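In: when you get a sec, could you give me coordinates for this:
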Amino acid sequence: MKITITGRNLSLTDGLKNGVEKKLGKLDKFFQAETPCNVTLSTQKDMQKIEVTIPVKGSVIRAEEATPDMYQSIDLVVDVLERQIRKYKNKLIQRHQAASDFSSEFIEEKPAQDEEEIKIVRTIEDGNLVFVHVHQYLNGGEAQWVTTDTFRADENGRIVEHWDVIDYYRTPENGQLDQIFGDFEIKDLEKTAENKKLVRCFLTEIFQNKELDQWEDFVAEDLIQHNHEIGQGSQAYKDYVREHHVSYDFVFQLLTQGDFAVSYGQVLIDGVAYAQYDIFRLENGKIVEHWDNKEVMPKVEDLTNRGKF
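Out: Okay, here's the model as predicted:
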């Protein structure tokens, strides 16, 4: 690839440029040497952001990531791009388009057997909506992803609409809990409506009305946390929400089945907009366990469908 790097609101040092070129070099195996790759590095408040655009015939492969550390953002965006490229390859084969932009080795490559595994960890049903929490193990573990999907079915049980968020799977370190795996059993089906009301109030009062003084009304003190950016317990979750100015711009979906609830909407974290799923387990009228999965909102001009919502 021919990589072009620009900086916005930051000093574009040789070390940073070399880091970008080295990491993105992992994608060279997919493309012809002349395929352009445009990279923009920028800062937004405390977030270090990278945007990568790879134009190919008839489409654009694009990804962006923002974290407090630029090198972490670079690592994440490379993994996102690799997933997108492999998905795009299948479309190329089906439509016979744009193969000239990709290397012949990549086009001819066939995945080895037993190198890919997709495991559904959780399934939650609410009316004609079904939520699935999935771990994807690809290319012999070279790429691992957590996907959260909602499907809408018609009266004949056929899938007619789909939403998803995909994020990089991170191996737990230093006592962290796994971000997806764990026991799963739906209980307290008779409390479905009650739990949906509680979670709706939690999202409204805490993340929209900013009434953090009501936090303890909703969250158990010994909360089990699966987000690796947040420590264990209710106070750590509350501190994270306050310090990073977490708010729900809007809640698009709220599914509940027994003691599990799933919300999907647009969330702002440090001023950056994400499409985010939150999964809550409830017990005795309190949230006792939390998982989430988020993806930076794409730019409107890059959308090829109706977007994330």
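In: which SSE is residue 81 in?
Out: helix 70-95 (DSSP states H and E).
In: what kind of secondary structure is residue 39 in?
Out: Residue 39 carries the three-state label strand when classified by DSSP: H, G, I helix; E, B strand; the rest coil.
In: okay, now the unreliable bits of this structure?
Out: Residues of the chain meeting the criterion pLDDT under 70: 58, 87-116, 139-142, 301-306.
In: let's see 80
Out: Flagging of the chain using pLDDT under 80 yields the residue ranges 45, 56-60, 83-116, 138-143, 182-183, 298-307.
In: domains in it, as residue ranges please.
Out: 2-110, 117-168, 189-296 (automatic domain parsing).
In: and those: which comes nearest residue 176?
Out: domain 189-296 (5.2 Å; Cβ to Cβ). In short, each C-beta sits where N, CA and C put it, glycine included.
In: hey, where'd the strands end up in the stretch 1-150 of the chain?
Out: For the stretch 1-150 of the chain, the strands identified by DSSP state E, counting those that start in this stretch occupy 2-8, 36-44, 47-56, 59-67, 117-126, 129-138, 143-153, in order along the chain.
In: may I have the strands that pair with the third one, each with its orientation?
Out: Spelled out, that is strand 47-56. Here strand 47-56 is paired, per DSSP bridges, with strand 36-44 (antiparallel), strand 59-67 (antiparallel).
In: redo those strands as TSV? Include mean neighbour count and distance to residue 222.
Out: Conversion of those to TSV gives the following (neighbours: other Cβ atoms under 10 Å; distance: least, Cβ to Cβ, whole Å):
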stretch	mean neighbour count	distance to residue 222
strand 36-44	17	35
strand 59-67	20	28
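In: any chance of those strands in JSON lines, plus distance to residue 218?
Out: Compiled in JSON lines, the strands paired with strand 47-56 are given as follows (distance: least, Cβ to Cβ, whole Å):
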{"stretch": "strand 36-44", "distance to residue 218": "30"}
{"stretch": "strand 59-67", "distance to residue 218": "28"}
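In: looking at those strands, which is closest to residue 11?
Out: Nearest of those (Cβ to Cβ): strand 36-44, 9.9 Å.
In: just to revisit the earlier point, and residue 265, which of the strands paired with strand 47-56 is closest to it?
Out: With respect to residue 265, and counting by Cβ to Cβ, the nearest of the strands paired with strand 47-56 is strand 59-67 at 18.5 Å.
In: what comes into contact with the closest one?
Out: The list of residues contacting strand 59-67 from outside it, by Cβ atoms under 8 Å, 6 or more residues apart in numbering, reads 44, 47-55, 73-74, 76-77, 80-81, 84-85, 88, 98, 272, 296, 298, 302, 304.
In: cool, and stretch 187-203?
Out: 218-219, 248, 251, 254, 256-259, 261, 263, 265, 280, 282, 285, 287.
In: follow-up on the earlier one: what subset of the contacts of strand 59-67 is buried?
Out: Under a neighbour-count criterion of 16 or more other Cβ atoms under 10 Å, the subset of those counted as buried comprises 47-54, 73-74, 76-77, 80-81, 85, 88, 272, 296, 298.
In: list the contacts of residue 273.
Out: When contacts are counted by Cβ under 8 Å, 6+ apart, residue 273 is found next to 249, 266-267, 296-297.
In: now with 10 Å, please.
Out: With contact taken as Cβ atoms under 10 Å, 6 or more residues apart in numbering, residue 273 is in contact with 249, 266-267, 294, 296-298, 308.
In: make CSV out of these and add distance to residue 226 and secondary structure.
Out: Formatted as CSV, the entries for these read as follows, by distance: Cβ to Cβ, whole Å; DSSP: H, G, I helix; E, B strand; the rest coil:
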residue, distance to residue 226, secondary structure
249, 23, strand
266, 21, strand
267, 16, strand
294, 13, strand
296, 20, strand
297, 22, coil
298, 25, coil
308, 22, coil
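In: how about stretch 144-158: buried residues?
Out: Buried residues in stretch 144-158, counted by 16+ other Cβ under 10 Å: 144-151.
In: let me redo that: stretch 227-243
Out: 227, 230, 233-234, 237-238, 240-241.
In: same check on stretch 191-208?
Out: Those buried within stretch 191-208 under the rule 16+ other Cβ under 10 Å are 191-192, 195-196, 198-199, 202-203, 205-207.
In: same check on stretch 157-167?
Out: For stretch 157-167, the neighbour count (16+ other Cβ under 10 Å) marks 163-167 as buried.
In: check stretch 278-295 too.
Out: Judged by neighbour count (16+ other Cβ under 10 Å), stretch 278-295 contains these buried residues: 278-282, 286-295.
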